[in-house]
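[1] sequence-free structure coming up:
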């Protein structure tokens, strides 16, 4: 059996609520790391273990604040776990914060090459796909492609960001409520693109509160409760667990 494309073992990460509070050297020496909840530390995820095979489609479900988006960021390598480990065997296309990485001082064209390059795409690849990417982003972006991004609306930035990331050839898709953005026409484009990518055998991990999206795209569900993995089963089983905890 082939190795899983994503593998989490005992995964945990610790945050501090008041990040601006700095301990003095004397306090660090006295307490030697024993400070915990009293310092506002909390674990949005802890003891989470699962594996995902190539081509699987997985929905991550849970109430707000249960670590869903944090889990995606751990898979993407944006966050580093404090406990356990996460192994990802393949490049990741992160449809998370779609305008992340943009520089307001650069034009849309320059940002396209910047963000694409940050995700490992060559300038030659981006030149070949430039017209397709910009066309996907829509007429507004096409007309403003040589204008500074600081003059773009938030919707235009999201459209350009999705257009870039969705053209990555990477085998793993991470999506966080991405189909909730944009107008109806843009969402239709998003759905068609996701269907095409999944048809190519990509692996999908999707965070969404939209049950239609979850049941449309995902066969498997991970239900997080209090930062722990409570259910790992079919998408229907994970949704049932969610509805039991949060009655409609």
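    Arrived safely. Computed from a predicted model, the values in this text were never measured in an experiment.

[2] where along this protein do the helices fall?
    Shown for the chain, the helices assigned by DSSP state H span residues 25-31, 68-76, 108-118, 123-137, 139-143, 154-166, 184-199, 211-217, 235-245.

[3] who's in contact with the fifth one?
    Surrounding helix 139-143, the residues in contact under the criterion C-beta atoms under 8 Å, 6 or more residues apart in numbering are 108, 134, 135, 152, 153, 156, 159, 160, 163. Glycine gets a C-beta too; all of them are placed from N, C-alpha and C.

[4] Please point out which parts of it sit buried.
    residue 141 (16 or more other C-beta atoms under 10 Å).

[5] Same check on stretch 198-208?
    Those would be 198, 202, 203, 204, 205, 206, 207, 208, for stretch 198-208 by 16+ other C-beta under 10 Å.

[6] what separates that stretch from the chain centre, distance-wise?
    Relative to its chain's centre, stretch 198-208 lies at 12 Å (C-alpha atoms, centre = their mean, to the nearest Å).

[7] And the average pLDDT for that stretch is what?
    In this model, stretch 198-208 has a mean pLDDT of 95.

[8] Need the distance between the two termini of that stretch.
    End-to-end distance for stretch 198-208: 17 Å, by C-alpha to C-alpha, to the nearest Å.

[9] Next: stretch 107-126.
    Terminal-residue distance, stretch 107-126 (C-alpha to C-alpha): 15 Å.

[10] pLDDT (mean, whole number) over that stretch?
    Per-residue pLDDT values over stretch 107-126 give a mean of 93.

[11] show me the residues around residue 3 that make contact.
    Contacts of residue 3 (C-beta under 8 Å, 6+ apart): residue 89.

[12] Go through the buried residues of stretch 198-208 and say which is closest to residue 114.
    Proximity of the buried residues of stretch 198-208 to residue 114 (C-beta to C-beta) peaks at residue 202, which lies at 24.0 Å.

[13] in the sheet, who's paired with the residue nearest to the closest one when sequence neighbours are not counted?
    Closest residue to residue 202 in three dimensions, ignoring its sequence neighbours and counting by C-beta to C-beta, 6 or more residues apart in numbering: residue 173, at 5.3 Å. Per DSSP bridges, the residues bridged to residue 173 are residue 93, residue 204.
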